[in-house]
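Colleague: Need a 3D model of the following:
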Amino acid sequence: MSAYHGSMNTTSPSHPILIGCSGWSYPDWEGVFYPPGLHTSETLSYYADRFPIVEVDSTFYRAPTPGMVRSWYERTPSAFRFALKAPRSITHEKLLKNCEEEVEGFVSSILGLREKLSCVLLQMGYFNRSAFGTQSEFLKVLDTFLTRWPSGQTPLAVEVRNARWINSELASVLTSHGAALTLTEQSWMPTPRQVADQFDPLTGPFAFIRLLGDRQGIERVTTTWDRIVLDRSADLAETADLIQSLSLHAPVFVFANNHYAGHSPETVRQLRRLLALPEPSPPDRPRWTLFD
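Modeller: Alright, predicted model coming up:
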C-alpha cells in the first residue's frame, strides 16, 4: 500500500471545499441557528444562505417526490449543492444485489435537482458474516453494482462501516469505477488521517468526508442538539489539515452531524475557521414566521 502524501503547500491552486450539515430540519436549532418562529417552509432557504451544501438523510428512508425535489431546487441559490443518501432498500435490504429497479426509480426521482445534485451517498451498514463472509465477497458484489450505477448522471460516494475493509483493495474497486471513498470520523472507524496514511484516499472526482462522532456516547451526555457539548478541536484540526491537502487535488465535500460534537452548525463554523474559509454573507431576505 502507498500512503497518501498530500501537501499543505498553500501556494498551489486548490479546489473548492464545501462544508455543510447532515440535514437542515432540526427543531433544536430554533432560536440558536434559526430565528425564533421561522416558518418550516423557510428553513432550507435560510440554511442555504449560510452553507454551500447539505447532506439529505430523508432519502435513505424513501425516494423524494417530484414536488419535493422541485421545492428543494427552487428554494436554494444557484451555487447550492445537495448530496443525497441512497435508499436503505438498496444498501441495507437488498445489499446491492438485484436492485436495478430501485436504483432506476431513485435516480430518476432526483434528476430534477439538475446541476445542484453533487452526488449520491451509498451508506452501507455494518456487515456481519450472514451478509458477507469476507471482504472479497463484498467487493465482488460492489464491483457489479458500480458497473451498473449511472455514474454519468449521478456521481457516487461509498461508505463502508467495516473498519478492516477500509484498505487498498476497497480503494482499487472504487477507483476503477470513479466512485469516491467516504472518509468518516466515527467511533469505531479509522480516522480520515489514518486512512490517508495507509493509501491514497482519492478514488473518485471528489473527496467525501463525514464527521459522525459517537452516537451512543454523546447521547449519554445530551439528546438536545442546540450547543457544542464535546471538545473535538484536536480531531477537527487533524481533519482540517487533511482537507487542505486533498483540496489541492480535487473538490472536497464535508458534512458535520449533530452527534459529532452536539450542534453541527457550530462544528461547521469551527472547521471553516481552521481552514481560513470566509464566512458567508447572507442576503437580506424577507422571512416568514409562524405568526405571519
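Colleague: From here on, just use CA atoms for contacts and neighbour counts.
Modeller: OK.
Colleague: Just the element for residue 120, please.
Modeller: strand 117-123 (DSSP states H and E).
Colleague: tell me which strands and helices that strand is in contact with?
Modeller: Under the contact criterion of 3 or more CA pairs under 8 Å, 6 or more residues apart in numbering; DSSP states H and E, strand 117-123 touches strand 81-85, strand 156-159.
Colleague: Kindly reformat these as a markdown table containing distance to residue 284 and mean neighbour count.
Modeller: Formatted as a markdown table, these follow (distance: least, CA to CA, whole Å; neighbours: other CA atoms under 10 Å):
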| stretch | distance to residue 284 | mean neighbour count |
| --- | --- | --- |
| strand 81-85 | 21 | 24 |
| strand 156-159 | 35 | 24 |
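Colleague: For those strands, give me TSV that also has distance to residue 41 and mean pLDDT.
Modeller: Formatted as TSV, the helices and strands packed on strand 117-123 follow (distance: least, CA to CA, whole Å; pLDDT from 0 to 100):
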stretch	distance to residue 41	mean pLDDT
strand 81-85	17	98
strand 156-159	29	98
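Colleague: Adding distance to residue 23, write these out as TSV.
Modeller: Listed next are the helices and strands packed on strand 117-123 as TSV, based on distance: least, CA to CA, whole Å:
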stretch	distance to residue 23
strand 81-85	10
strand 156-159	17
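Colleague: Report the distance from the next helix or strand after the strand holding residue 120 to the chain centre.
Modeller: Later in the chain than strand 117-123, the nearest helix or strand by DSSP H and E is helix 135-148. Centroid separation between helix 135-148 and its chain, computed with CA atoms, centre = their mean, to the nearest Å, is 22 Å.
Colleague: ok, which stretches of this protein are helices?
Modeller: Ranges of helices in the chain, per DSSP state H, are 43-48, 66-74, 88, 100-110, 135-148, 168-177, 192-196, 215-219, 233-246, 258-261, 264-274.
Colleague: who's the closest residue to residue 122 other than its chain neighbours bridged to?
Modeller: Closest residue in space to residue 122, ignoring its immediate chain neighbours: residue 158 at 4.8 Å, by CA to CA, 6 or more residues apart in numbering. Taking DSSP bridges as the rule, residue 158 bridges to residue 122, residue 181.
Colleague: wait, doesn't residue 158 sit right on residue 123?
Modeller: Yes. Taking CA atoms under 8 Å as the definition, residue 158 is a contact partner of residue 123 at 6.2 Å.
Colleague: picking up where we left off before, what's the closest of the helices of the chain to residue 28?
Modeller: Comparing the helices of the chain against residue 28 with CA to CA, the closest turns out to be helix 258-261 (10.4 Å).
Colleague: quick check: mean pLDDT across the closest one?
Modeller: In this model, helix 258-261 has an average pLDDT of 98.
Colleague: now for it, which elements pack on it?
Modeller: Using 3+ CA pairs under 8 Å, 6+ apart, helix 258-261 sits against strand 207-213, helix 215-219.
Colleague: coming back round to it: deepest of the helices of the chain, which one?
Modeller: helix 258-261 (a mean of 25; mean count of other CA atoms under 10 Å).
Colleague: Next up, the contacts around residue 144.
Modeller: By CA atoms under 8 Å, 6 or more residues apart in numbering, residue 144 lies in contact with nothing.
Colleague: gap between it and residue 32?
Modeller: Look at residue 144 and residue 32: by CA to CA, to the nearest Å, they are 46 Å apart.
Colleague: How about residue 271?
Modeller: 18 Å.
Colleague: Residue 231 too?
Modeller: To residue 32, residue 231 is 19 Å away according to CA to CA.
Colleague: Tell me who's in contact with the nearest residue to residue 78 once chain neighbours are set aside.
Modeller: Spatial nearest neighbour of residue 78, excluding adjacent residues (CA to CA, 6+ apart): residue 116 at 7.5 Å. Applying CA under 8 Å, 6+ apart, we find residue 116 in contact with 73, 78-82.
Colleague: any idea how far residue 116 lies from residue 168?
Modeller: For residue 116, the distance to residue 168 equals 31 Å [CA to CA].
Colleague: same thing with residue 224?
Modeller: 39 Å.
Colleague: now residue 258
Modeller: From residue 258 to residue 168 the distance is 30 Å (CA to CA).
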